[in-house]
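In: fold the following and give me the result.
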Amino acid sequence: MELVTAGESHGPALVAIVTGLPAGLVLDREAIDADLRRRQQGYGRSPRQQIERDEVEVLAGLRHGRTLGTPLALIVRNVDHKNWSWGMSPWPPAGEPAGKGTKAVTLPRPGHADLAGAQKYGLSDVRDALERASARHTAAIVAAGSVAKALLGELDVSVRGSVADAELERRVDEARAERDTIGGLAEVRATNVPPGLGSYATKADRLDARLAATLMGTQAVKGVEIGDGFALAALRGSQAHDEIHRDDERGLFRETNRAGGLEGGITNGEDVVVRVAMKPLPTLMQPLASVDLQTGEPAHALVERSDTAAVEALAVVAEACVAFELARAAREKFGGDALGDFTGAYRAYVERIDWHPRTR
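Out: Purely as a prediction, here's the structure:
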């Protein structure tokens, strides 16, 4: 099960192609659209979220609401593209320049990929870097994550992201008043995850490494921890690890979960708990110092629309990332071309091991 995305922030659309899904999985368009709306909401978001009305379209891999076992192609259109049709035209545009994006961007923003991208790819117009580096393309990630959650739901696994910052609204209000931005913490918790997803065989197989990679690959994320993470470094071993117990109702279980549901890169039957740290958003209404790449002269960075905070959006995107990696690991573990093969292998496995799913 793999995911490839394409699309630019102000281009025609965002695209996600998911391969490796079993045939027969029922998808709910309203559930996917609800996740897309959640990504656009949150305290401190910008007016861009009122412009876009994200909805999923399916171009391939689905018939009458059921997956076909072939690549699933999802699309989320950029409504705002109508204002950028000349500036972000895929082909050389005809006619006189009109609308937005007609002038080259030469003032890179500190904290963005602007300068590094321009240097790496030899760009004279920073827009060629910032359009893809933008967090706008996480809409495609969320759509694919919603599909992954549907697959995990067949195993009674649920995944939910939330903000881990009780002072978020106060911090947003203070930053907005000073025309500044903030970051914050989000947490993702997956419940009813069976033991045995992932492997210690290679680094690439370790599920903890894969979770860290997909989350660090999300815009503005600067830190990831699983379970108690960095706090474990200050503890002794006798305090840090989760003792193993057993009873007839639950089978093998832990009374604590400092490991965050993963040991040796493998799920251990407890909740998978991951936290992510987001840096303050780098597009500022009072821009920082920069250098004009065309003239070499000192200047201030480009100013475009910006959120004051996007921590609640990050929680939704992180939820999607974790769900997709868990679904990938479940597909590797249980296989199956048809949904019944997948769920049948799961049931046989759970019957073999001394672990019992939680009843809800």
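
In: list the residues that contact the residue most central in space within the chain.
Out: By C-alpha atoms, centre = their mean, the chain has its centre lying nearest to residue 317, at 3.4 Å. The neighbours of residue 317, taking C-beta atoms under 8 Å, 6 or more residues apart in numbering as the test, are 39, 135, 138, 141-142, 145, 161, 218. No exception for glycine: its C-beta is placed from N, CA and C like everyone else's.

In: could you rerun that using 7 Å?
Out: 39, 138, 141-142, 218 (C-beta atoms under 7 Å, 6 or more residues apart in numbering).

In: in helices only, show me these.
Out: Residues from these lying in helices, with DSSP state H as the criterion: 39, 138, 141-142.

In: nearest to residue 282, of those?
Out: Closest approach to residue 282 among the ones in helices among the contacts of residue 317 (C-beta to C-beta): residue 138, at 15.9 Å.

In: so where does the spatially closest residue to the closest one that is not a sequence neighbour fall, helix or strand?
Out: With sequence-adjacent residues excluded and distances taken as C-beta to C-beta, 6 or more residues apart in numbering, residue 138 is closest to residue 317, at 4.6 Å. Per DSSP states H and E: residue 317 is located in helix 311-334.

In: go on, residue 175?
Out: Short version, using DSSP H and E: residue 175 is in helix 168-177.

In: list the buried residues in that helix.
Out: 168, 171-172, 175-176 (16 or more other C-beta atoms under 10 Å).

In: just the CA trace of that helix, in CSV.
Out: Below are the C-alpha coordinates for helix 168-177, written out as CSV (Å, rounded to 0.1, in the frame of the first residue of the first chain):
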residue,chain,number,x,y,z
LEU,A,168,-3.8,27.6,22.2
GLU,A,169,-6.6,30.2,21.9
ARG,A,170,-4.9,32.6,24.3
ARG,A,171,-1.6,32.3,22.5
VAL,A,172,-3.3,32.8,19.1
ASP,A,173,-5.0,36.0,20.3
GLU,A,174,-1.8,37.4,21.7
ALA,A,175,0.2,36.6,18.5
ARG,A,176,-2.6,37.9,16.2
ALA,A,177,-2.7,41.2,18.1
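
In: contacts for that helix?
Out: Helix 168-177 is contacted by residues 43-44, 181-182, 184, 308-309, 311 when judged by C-beta under 7 Å, 6+ apart.

In: pick out the most distant pair among the residues you listed.
Out: 43 and 181 (12.8 Å).

In: next, show the common contact partners of those two.
Out: Listed as contacting both residue 43 and residue 181 by C-beta under 7 Å, 6+ apart are residue 309.

In: which one's more surrounded, the two?
Out: residue 181 (23 against 18; other C-beta atoms under 10 Å).
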